[in-house]
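**Q** need a 3D model of the sequence below.
(2 chains)
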There are 2 protein chains.
Amino acid sequence: MVSTSGAQLLPGDAVRNLRDLLLPMTSLLTPNLPEATLLLRDADIQYKSPSGLEDLKTLAKLVHGLGPKAVLLKGGHMPLTKEYVKSNSDEEKSITVDVLYDGNDYTIIESQYLTSKNTHGTGCSLASAIASNLALQKSKSQPVDLATAVRLAVRYVSAGILTAHASLGKGSGPINHFHSMQNLPFSPGNFIEYLLSHPAVAPVWRKYTHHDFATQMARGTLSEDLFKNYLIQDYLYLTHFARTHALAAYKSKTMDAITASATIILHIEHEMELHLSYCREFGISKADIESPSRKESLACVAYSRYVLDVGQSEDWLALQMALAPCLLGYGETAQRLYREKESVTTEQGNRYWRWVENYVADDYQEAVRVGSALIEKNILKQSPNRIEELVRIFVRATEMEVRFWDFDAHLEL
Amino acid sequence: MVSTSGAQLLPGDAVRNLRDLLLPMTSLLTPNLPEATLLLRDADIQYKSPSGLEDLKTLAKLVHGLGPKAVLLKGGHMPLTKEYVKSNSDEEKSITVDVLYDGNDYTIIESQYLTSKNTHGTGCSLASAIASNLALQKSKSQPVDLATAVRLAVRYVSAGILTAHASLGKGSGPINHFHSMQNLPFSPGNFIEYLLSHPAVAPVWRKYTHHDFATQMARGTLSEDLFKNYLIQDYLYLTHFARTHALAAYKSKTMDAITASATIILHIEHEMELHLSYCREFGISKADIESPSRKESLACVAYSRYVLDVGQSEDWLALQMALAPCLLGYGETAQRLYREKESVTTEQGNRYWRWVENYVADDYQEAVRVGSALIEKNILKQSPNRIEELVRIFVRATEMEVRFWDFDAHLEL
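**A** The predicted structure follows:
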């Protein structure tokens, strides 16, 4: 009838029809102050020009008498002081109050007074939001609760004003209807594809999965010293890797998840046995590797303690994301090398070839599938913001993997 | 031109116009197999009926010759085996392949073969999703990457088929376009209002903030023994409360957040001084409270260790949510009691009144405001799913607060 900006939208003679024909069918009428007084004048009902909250309540009750089942009198045109009286100056304007009256009870919804040019369509948005909230209550089989539907809608519109884009168009601008909507940047089941092609991930992922260290292992050209150092440091790393999975078990909520972590620890122990058998071939004993005088390299300390700290200071999924580069990358790297025609097998004289075979083996590739599915499932419960944080953790751990394979990684401290 | 279901949508004589007038202006043409062959026939171009991936690539190149800058040949009409040849039986159908050809490079997008009646509008959705992805790249000032835009769009449509609501309407059903959209159940800045009126929170929150123990303190009717027990147990609780804030500091990412936690610990120490001064009035010394033989009650152990475990096994915000019932509830309860006409002040002879005064004091109410603002800010970064998990933590901690005030809470073990 009358817009927020003051324009009378309904011809005078239509007001009577609205009053006579529509109001008796109305569940909730949401007039602003000019609309409420126009309706009362048209119906020849006396009212006092409002000067505070009590007058607003009286007005709402008078409008309710015109037929609607409930009235929400919107007080945006009359900012109040903190004492709920009409402000006489801009400085006094502190709150606005909307009054809901359902024939029995009043609900007073107080909002912070806002000044903004982005108020175009606030009235329509409020009415639509109330109707949507009522539909939402029904769809959830909740009891219909008009006061809650209205309060949430008032908050929705206020937030829409507060978060509006100031620079859109000219004159009265639109509110932001999308302030509480989040969109995942990938489709369900395709997070890892998104992750590995993410601009922050792709370059470092390629560096890692195409690292010259692994390529030289597959071709048998790696120096024995470098391989030995790597084996020892990886063995020390795996000890902390196992501790990290124990921490993941502590952070789990179900026995299934706890058991999964324990099973992984047993797999790690198996992987370490393999390291020991390699080491024996190269003349290094278990006692030698585990000797207290054996120092972890900087690359080993940095990577293992980084992952442990993510585990301690973040949640379960963050921990899984810090562990993921190792799981996914070893699988992908080994598969690449297994197919490469330049690779040299054990039969062809490559003493390192078992490393490739270990990570293309069915049990390891199955572990990759299980771990990937777990991440795909849990990532859907995260917010877009959290997903970018998790991507950054993945990047950091991948950088540590690259460093672990760098040829100068495990020099003596 | 030809719908997924096989209907020819474009009259024969319009095909020539499309070919002559539109294709030369086209950035990306996205024909399915029947459309691609119809176009080629209309242009009198010879082609081999496809029987595998290589034939699809040839077809895409032939269609590209008709003028569009790039062609995405959609292979959904010809499911392939794992060996990329046309399947001869339903059992063999394993994948579908879409072929993108831009005049230089082929991009092959492989998808799991799906059977579903929810395929209505898949072609339109795919083309719209590709266009949207290209616009999104532009809006982020990323280089235009057609292959990525297409791959993400293919995943988008596949996920829309997989997550479609099977029961909507009759015949070919719609895909689910909203699979990656999340809506927060409250508007920015209004989470705590949403939280406290949440169906899982409201009843226990009322039980806590209207607990008879606090009411009896405000009226001076509480037995001295109960008050003394409460003071001692609350003192012991606050020790762990301080440890929890130290844990929050460990989990913080910025010096500001670490300092904020340390400041709270100093406030807790101040609060404990108050407890000690009370205790002296009631004839209990600090040594007595801190004596190793002094046992924490079950209610104290349960509450403090619950909060600590949330802190250890979850993230920083979860920890804040476990701490929030104490912060918010003491403030709200004390304010309620401060205003109640039945309350009895110190001057009127209530020895417990200082408890109420302590939590309505400006410094405590300021702490409530700061803590609330911190939660409001961080909650916006969470997913709807995570928010419900955080609500459950808040409920559990509130239940522990209720238990802490129950009259039988601190009986000797």
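**Q** got the residues of chain A near chain B?
**A** Within reach of chain B by Cβ under 8 Å from any Cβ of the partner chain, chain A has these residues: A:142, A:148, A:151-152, A:155-156, A:158-160, A:162-163, A:179-190, A:193-194, A:197, A:199, A:250-251, A:312-316, A:318, A:381-383, A:385-386. For every residue, glycine as well, the C-beta is placed using N, CA and C.
**Q** could you rerun that using 6 Å?
**A** Contact residues (Cβ under 6 Å from any Cβ of the partner chain) of chain A with chain B: A:155-156, A:159, A:179-184, A:187-188, A:190, A:251, A:313-315, A:381-383, A:385.
**Q** go through those residues and flag which are in helices.
**A** Among the residues of chain A next to chain B, the members found in helices (DSSP state H) are A:155, A:156, A:159, A:313, A:385.
**Q** apart from its chain neighbours, what residue comes closest to the fourth one?
**A** What it means is residue A:313. In space, and not counting its chain neighbours, residue A:313 is closest to residue B:251: 4.5 Å by Cβ to Cβ, 6 or more residues apart in numbering or on different chains.
**Q** just checking, that neighbour touches residue A:314?
**A** No - judged on Cβ atoms under 6 Å, residue B:251 makes no contact with residue A:314 at a distance of 7.6 Å.
**Q** what two of the ones in helices among the residues of chain A next to chain B are the furthest from one another?
**A** A:156 and A:313 (34.8 Å; Cβ to Cβ).
**Q** between these two, which is the more surrounded one?
**A** The neighbour comparison of residue A:156 against residue A:313 (other Cβ atoms under 10 Å in any protein chain shown) goes to residue A:156, with 24 against 16.
**Q** separation between that one and residue A:162?
**A** 11 Å (Cβ to Cβ, to the nearest Å).
**Q** same check on residue A:79?
**A** 16 Å.
**Q** looking at chain A, which helix or strand is least sure?
**A** None of the helices or strands of chain A scores lower by mean pLDDT, DSSP states H and E than helix A:12-17, at a mean of 86.
**Q** quick check: buried residues in that one?
**A** Using 16 or more other Cβ atoms under 10 Å in any protein chain shown as the test for burial, helix A:12-17 gives residue A:15.
**Q** quick one: contacts of it?
**A** With contacts defined as Cβ atoms under 6 Å, 6 or more residues apart in numbering or on different chains, helix A:12-17 is touched by residue A:42.
**Q** just the C-alphas of that helix, formatted as PDB.
**A** Written as PDB, here are the backbone C-alpha positions of helix A:12-17 (Å, rounded to 0.1, in the frame of the first residue of the first chain):
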ATOM      1  CA  GLY A  12      -7.600   5.000  -2.600                       C
ATOM      2  CA  ASP A  13     -10.700   3.100  -3.700                       C
ATOM      3  CA  ALA A  14      -8.900  -0.200  -3.700                       C
ATOM      4  CA  VAL A  15      -8.200   0.200   0.000                       C
ATOM      5  CA  ARG A  16     -11.800  -0.400   0.900                       C
ATOM      6  CA  ASN A  17     -11.900  -3.600  -1.200                       C
END
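**Q** separation between the residue lying farthest from the centre of chain A and residue A:19?
**A** Most distant residue from the mean C-alpha position of chain A: residue A:44, 54.9 Å away (Cα atoms, centre = their mean). For residue A:44, the distance to residue A:19 equals 11 Å [Cβ to Cβ].
**Q** tell me, what's touching these two both at once?
**A** Here residue A:44 and residue A:19 have no joint contacts, going by Cβ under 6 Å, 6+ apart.
**Q** could you chop chain A up by domain?
**A** Listed by automatic domain parsing, the domain ranges of chain A are A:12-162, A:191-405.
**Q** which one of the ones you listed lies closest to residue B:35?
**A** Nearest of the domains of chain A to residue B:35, taken as Cβ to Cβ: domain A:191-405 at 27.4 Å.
**Q** quick one on the thing from earlier: and the residue nearest to residue A:313, how many neighbours?
**A** Using other Cβ under 10 Å, residue B:251 has 22 neighbouring residues.
**Q** likewise for the one 10 residues further on?
**A** Residue B:261: 20 surrounding residues under other Cβ under 10 Å.
**Q** how many neighbouring residues does the nearest residue to residue A:84 once chain neighbours are set aside have?
**A** The shortest distance from residue A:84 to any non-neighbouring residue, by Cβ to Cβ, 6+ apart, is to residue A:53 (4.0 Å). Residues near residue A:53, counting by other Cβ under 10 Å, number 21.
**Q** so residue A:53 sits against residue A:83, correct?
**A** No - between residue A:53 and residue A:83 no contact is recorded; they are 9.2 Å apart, counting by Cβ under 6 Å.
**Q** how close does the nearest residue to residue A:102 once chain neighbours are set aside sit to residue A:63?
**A** Using Cβ to Cβ, 6+ apart and skipping the chain neighbours, the partner closest in space to residue A:102 is residue A:70 (4.2 Å). Separation of residue A:70 from residue A:63 (Cβ to Cβ) stands at 10 Å.
**Q** who has more neighbours, these two?
**A** Higher neighbour count among residue A:70 and residue A:63: residue A:63, with 26 against 21, using other Cβ under 10 Å.
**Q** list the residues that contact the more buried one.
**A** When contacts are counted by Cβ under 6 Å, 6+ apart, residue A:63 touches A:36, A:71.
**Q** mind listing what's buried in whatever helix or strand it lives in?
**A** Per DSSP states H and E: residue A:63 is located in helix A:53-64. Neighbour-count burial for helix A:53-64, counted by 16+ other Cβ under 10 Å, picks out A:53, A:55, A:56, A:57, A:58, A:59, A:60, A:62, A:63, A:64.
**Q** tell me the confidence at the fourth one?
**A** This means residue A:57. With respect to pLDDT, residue A:57 scores 97.
**Q** now swap in the last one and tell me
**A** What the model reports as pLDDT for residue A:64 is 98.
**Q** those strands in the stretch 101-250 of chain A, which residues are they?
**A** Ranges of strands in the stretch 101-250 of chain A, per DSSP state E, counting those that start in this stretch, are A:106-112, A:181-183.
**Q** turn the ones you listed into a markdown table, columns for mean pLDDT and mean neighbour count.
**A** Converted to a markdown table, the strands of the stretch 101-250 of chain A look like this (pLDDT from 0 to 100; neighbours: other Cβ atoms under 10 Å in any protein chain shown):
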| stretch | mean pLDDT | mean neighbour count |
| --- | --- | --- |
| strand A:106-112 | 96 | 15 |
| strand A:181-183 | 93 | 14 |
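**Q** nearest to residue A:215, out of the ones you listed?
**A** Of all the strands of the stretch 101-250 of chain A, strand A:181-183 sits nearest to residue A:215, with 39.3 Å by Cβ to Cβ.
**Q** now do the SS call for residue A:98.
**A** Assigned state for residue A:98: strand (three-state reduction, DSSP: H, G, I helix; E, B strand; the rest coil).
**Q** could you find the closest non-adjacent residue to it?
**A** Using Cβ to Cβ, 6+ apart, the nearest residue to residue A:98 is residue A:109, at 4.5 Å.
**Q** tell me the contacts of that neighbour?
**A** Listed by Cβ under 6 Å, 6+ apart, the contact partners of residue A:109 are A:98, A:151, A:154.
**Q** correct me if wrong: residue A:238 contacts residue A:274.
**A** No - using Cβ under 6 Å, residue A:238 is not in contact with residue A:274; the gap is 10.2 Å.
**Q** which of those two has more residues huddled nearby?
**A** Regarding residue A:238 and residue A:274, a neighbour count based on other Cβ under 10 Å identifies residue A:238 as having more, with 17 against 14.
**Q** number of nearby residues for the residue lying closest to residue A:74 once chain neighbours are set aside?
**A** What sits nearest to residue A:74 in space, not counting adjacent residues and going by Cβ to Cβ, 6+ apart, is residue A:32, at 4.6 Å. Per other Cβ under 10 Å, the neighbour tally for residue A:32 reads 24.
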